[in-house]
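*Asks:* need a structure here:
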Amino acid sequence: MKRTAIGLPPELARRANLVLRPKDAAVVYAHPRPEMARLVKNGAALRLATGYYLLVPGRHLSDSTWRPDLHAVGLGIGQADYGQDGAALMGIGAASQFGAVPREIAVTFIAVPKQRPPLETEFGQITFMRRDVASLDLERIETEVTPGWVTTPEQTLLDLAARPTLGGLPAEAITEALRALSLRADADLLPELAAGQHKTAALKRARRLIEGDSDAGPK
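*Replies:* Numbers count the residues shown, from 1 in each chain. The predicted structure is shown next:
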C-alpha cells in the first residue's frame, strides 16, 4: 500500500525524515493539526508526543502492531528541530545501534546543540545532550525513520566510559557494551580521539573495565 493511496500528499510522502511536526505539514495543509489527527486515525501516522508525529513507513501501513525503534525516533525528532546535521544518536542509543546492548531499552540519547528537557514519547524517553555535534566523531546511519548521524564505535565507547551511569543500565551491561564496542573500534584512533576530547581518563577506565577490573567503575 502506497502512502499516497491513503490521502498523504506527495510532498509529505517524499520526506526523508518521517518525523513530522504540525508546522512542517503547514506547507500542504491549511489546518495541519486536524489533518494529522486524520492521518493517525487512518493508520498513516503515529502520535509520538505532543507536537510530534511519525509517518508510518509504506511497508508497515497494513501492520497495526508495528512500533518504531526508539533510537530512530529520537534521531528523527532531533533532526526535525535542529536539521539533519544538528542531531546525532549517541551514548546508549548508539551502542544499541551497534548491537552492543543486547536488550531492549526504553531510553535513548541524542546529541543536539541546545540544552532541553527529556521528551517522553509513546515509545520511551528521549534525553537530549547538549553537544557540539560537528566536533563528535560520527558516521552515517540508515533507519526506517530517517537517515542521519550516529557516533562512531570509538566515540560511543569514550562517551559511555566517561558517564557510565547515564541511562540507568546496570554496571555489568555497560561493561558488556564497552567490550562489544572495543571489538569494532580502531585501537589506534581511540587514544588520539580521547586526547583531543580530553577523555583520556575515560579511555583508561574503559580499558580497566574491559580487562575485568571491578574497581574501575565510578565511585
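*Asks:* so for the helix or strand of the chain with the lowest mean pLDDT, what gets flagged as buried?
*Replies:* One helix or strand of the chain scores below all others by mean pLDDT, DSSP states H and E: helix 10-13, with a mean of 88. For helix 10-13, burial by neighbour count (16 or more other CB atoms under 10 Å) applies to 12-13. For the C-beta atoms, the positions are set from N, CA and C on the backbone; glycine is no exception.
*Asks:* can you spell out which helices and strands pack onto the very next helix or strand once past that helix?
*Replies:* Heading C-terminal from helix 10-13, the first helix or strand you meet, by DSSP states H and E, is strand 19-20. Secondary structure elements in contact with strand 19-20, counted by 3 or more CB pairs under 8 Å, 6 or more residues apart in numbering; DSSP states H and E, are strand 52-55, helix 70-82.
*Asks:* residue 18 is in contact with residue 75, isn't it?
*Replies:* No. In terms of CB atoms under 8 Å, residue 18 does not count as a neighbour of residue 75; the distance is 10.9 Å.
*Asks:* look up how far residue 13 lies from residue 63.
*Replies:* Distance of residue 63 to residue 13, given as CB to CB, to the nearest Å: 18 Å.
*Asks:* pLDDT wise, what is residue 105 at?
*Replies:* If you check residue 105, the pLDDT there is 89.
*Asks:* meant to ask about residue 217, not that
*Replies:* Turning to residue 217, the model gives it a pLDDT of 52.
*Asks:* how about the secondary structure of the residue lying closest to residue 119 once chain neighbours are set aside?
*Replies:* Once flanking residues are discounted, residue 119 sits nearest to residue 126: 4.6 Å by CB to CB, 6 or more residues apart in numbering. Following DSSP: H, G, I helix; E, B strand; the rest coil, residue 126 is assigned to strand.
*Asks:* the least confident helix or strand of the chain: how far from the chain's middle?
*Replies:* 24 Å (CA atoms, centre = their mean, to the nearest Å).
*Asks:* other SSEs contacting it?
*Replies:* By 3+ CB pairs under 8 Å, 6+ apart, helix 10-13 packs against no helix or strand.
*Asks:* ok so, going back, thinking the residue nearest to residue 119 is in contact with residue 111, fair?
*Replies:* No. Using CB under 8 Å, residue 126 makes no contact with residue 111, being 11.7 Å away.
*Asks:* overlap in contacts, these two.
*Replies:* Both residue 126 and residue 111 are contacted by residue 78, under the criterion CB atoms under 8 Å, 6 or more residues apart in numbering.
*Asks:* helices of the chain, residue ranges please.
*Replies:* With DSSP state H as the criterion, the chain has helices at 10-13, 22-25, 32-41, 70-82, 91-97, 153-162, 171-184, 189-196, 200-210.
*Asks:* convert the fourth one to PDB, retaining C-alpha atoms only.
*Replies:* To tie it back to what came earlier, the one meant is helix 70-82. Extracted in PDB, the C-alpha atoms of helix 70-82 (Å, rounded to 0.1, in the frame of the first residue of the first chain):
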ATOM      1  CA  LEU A  70      13.000   4.400  19.800                       C
ATOM      2  CA  HIS A  71      16.600   5.400  18.800                       C
ATOM      3  CA  ALA A  72      15.500   6.100  15.200                       C
ATOM      4  CA  VAL A  73      12.500   8.100  16.600                       C
ATOM      5  CA  GLY A  74      14.900  10.200  18.800                       C
ATOM      6  CA  LEU A  75      17.100  10.900  15.800                       C
ATOM      7  CA  GLY A  76      14.100  11.900  13.700                       C
ATOM      8  CA  ILE A  77      12.900  14.300  16.400                       C
ATOM      9  CA  GLY A  78      16.300  15.800  16.800                       C
ATOM     10  CA  GLN A  79      16.500  16.400  13.100                       C
ATOM     11  CA  ALA A  80      13.000  17.900  13.000                       C
ATOM     12  CA  ASP A  81      14.100  20.500  15.500                       C
ATOM     13  CA  TYR A  82      17.700  21.100  14.600                       C
END
